[in-house]
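Engineer: my questions are about this predicted structure, shown below with the sequence.
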Amino acid sequence: DARAFPAALAPAMSSHEPNPASKHAFSAARSAPGAFVLALTLTFGSEAQRGAFVELWRPLAEWVRANEPRTLSYECALADRDPCQAMILERYVAKDDLVTHQQSEPFAAFKRALAATEEAGDISRICEGMSYYESTIGYVSRD
């Protein structure tokens, strides 16, 4: 069952040992000049559906942090005034790193599981997004 994504992904996640350089590469690249950014706004049919999406997404986010050192940020933010909205912010050293991320098996497994939950009617969502290059004016994180 594709909706069992978190449990089904656990073997795939454990079979991919974290890159020992990941933490260092993540820290060193966190302020990569001209990083590529993908910002997605998600609107769900209910607060419960948003919660179900977050739990489906959580194992992928953990895998990305451990295994994709060129993914600088991979964050799900929950709206403070609308319990049906969330935003995902993804930052990559370069645009090609987004392509690499989207071609990973854990991402494909997440997409299959999400499609199954949508098909079953467990999650309904509207997704709007835009991609950007950072201007290097200002900062994202204080190191």
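Structural biologist: Happy to help now that I have it.
Engineer: ok, residue 123 touching residue 48?
Structural biologist: No: the pair residue 123 / residue 48 is not scored as a contact, 9.3 Å apart, by Cβ atoms under 8 Å. For every residue, glycine as well, the C-beta is placed using N, CA and C.
Engineer: neighbour count winner among those two?
Structural biologist: Neighbour count, other Cβ atoms under 10 Å: between residue 123 and residue 48, residue 123 has more, with 24 against 13.
Engineer: mind listing what that one touches?
Structural biologist: For residue 123, the contact set (Cβ atoms under 8 Å, 6 or more residues apart in numbering) comprises 44, 45, 49, 52, 53, 56, 114, 117.
Engineer: the last one: neighbouring residues, count only.
Structural biologist: Counted with other Cβ under 10 Å, the burial measure for residue 117 works out to 20 neighbours.
Engineer: which stretches of the chain form strands?
Structural biologist: With strands called from DSSP state E, the chain shows them at 36-44, 71-78, 85-92, 125-133.
Engineer: now for the nearest residue to residue 43 once chain neighbours are set aside, how many residues are close by?
Structural biologist: In space, and not counting its chain neighbours, residue 43 is closest to residue 126: 4.5 Å by Cβ to Cβ, 6 or more residues apart in numbering. Neighbours of residue 126 under the rule other Cβ under 10 Å: 11.
Engineer: any weak-confidence spans in the chain?
Structural biologist: The chain contains residues with pLDDT under 70 at 1-31, 143.
Engineer: 80 instead?
Structural biologist: 1-32, 142-143 (pLDDT under 80).
Engineer: OK, contacts around residue 52?
Structural biologist: For residue 52, the contacting residues are 117, 122, 123, by Cβ under 8 Å, 6+ apart.
Engineer: same thing but 6 Å
Structural biologist: Counting by Cβ atoms under 6 Å, 6 or more residues apart in numbering, residue 52 touches residue 123.
Engineer: circling back to that earlier point, how close does the residue nearest to residue 43 get to residue 71?
Structural biologist: According to Cβ to Cβ, to the nearest Å, residue 126 and residue 71 sit 25 Å apart.
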